[in-house]
Structure formats: C-alpha cells, structure tokens
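# sharing a model that was predicted from the sequence below.
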Amino acid sequence: MASAPKGTVQPGRDHWPRANTMLFAGGGIRTGQVIGATDARGEDPISRRVTPYDFLMTIFCHLGFDPVQLGLRDFAGRRNPIFSKGDPITELTRTA
C-alpha cells in the first residue's frame, strides 16, 4: 500500500526506506550470520545499523584496497577520495 494518495508519483521506494537487506557470499567472507536487527515491523534499525557505505567499504577492504587512500586525481593532480563515509563490517572480515 502506498503512503500517498492514489495517483501521486513518488520517486524511489515509498515503504520502509530506513531498513534493507544485504547479502555477502564467497571470497572468504564469514557467512551464516545476521548482523543488526530491525523493529518488529521491519521499519527501523534497532541494533547494529549497517549502511550501503559500510557495504562498499567492506568490499574494497576485503579486496585489499585502502579505501581511505584510494582516490581519483582531478585535472590539477589533486586526489579526490572515493569514499567520504562508511566503515568496514568487521563481523564479515575478521578471522575467528
């Protein structure tokens, strides 16, 4: 059910925009675990909020890149960081 009157055009998702699901598999990622939780309706995170930025940081770190130092050079030769936020999801990458 949409959250606006019938006929209203809404960009993107119009339901549960603050929660999502991400799957990781292969490449030595620690699988078989659930990280974080939402409320009973699945609307809002209640523990261990993980963002899409964290997802990207995890992938780059797992591939051996240093996301903090990784950047693109502009025409003047200045480095522009690719990532401005996010942290690796350590539960997926640390060794037991």
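Structure's in. What do you need?
# quick check: the gap between the residue nearest in space to the middle of the chain and Cys61.
Nearest to the mean C-alpha position of the chain, by CA atoms, centre = their mean, lies Pro52 at 1.8 Å. As for Pro52, its distance to Cys61 is 15 Å (criterion: CB to CB, to the nearest Å). Every residue, glycine included, has its C-beta placed from N, CA and C.
# what ranges do the helices span in the protein?
Ranges of helices within the chain are 52-62, 90-93, based on DSSP state H.
# could you say what helices and strands the shortest one packs with?
This points to helix 90-93. With contacts defined as 3 or more CB pairs under 8 Å, 6 or more residues apart in numbering; DSSP states H and E, helix 90-93 has these neighbours: helix 52-62.
# send me the helix it packs on as CSV with only the CA atoms.
The C-alpha trace of helix 52-62 is given here as CSV (Å, rounded to 0.1, in the frame of the first residue of the first chain):
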residue,chain,number,x,y,z
PRO,A,52,25.4,1.0,2.0
TYR,A,53,28.6,3.0,2.5
ASP,A,54,29.7,0.3,5.0
PHE,A,55,28.9,-2.4,2.4
LEU,A,56,31.2,-0.7,-0.2
MET,A,57,34.0,-0.1,2.4
THR,A,58,33.8,-3.8,3.3
ILE,A,59,34.1,-4.9,-0.3
PHE,A,60,37.1,-2.6,-1.0
CYS,A,61,38.9,-3.6,2.2
HIS,A,62,38.3,-7.3,1.6
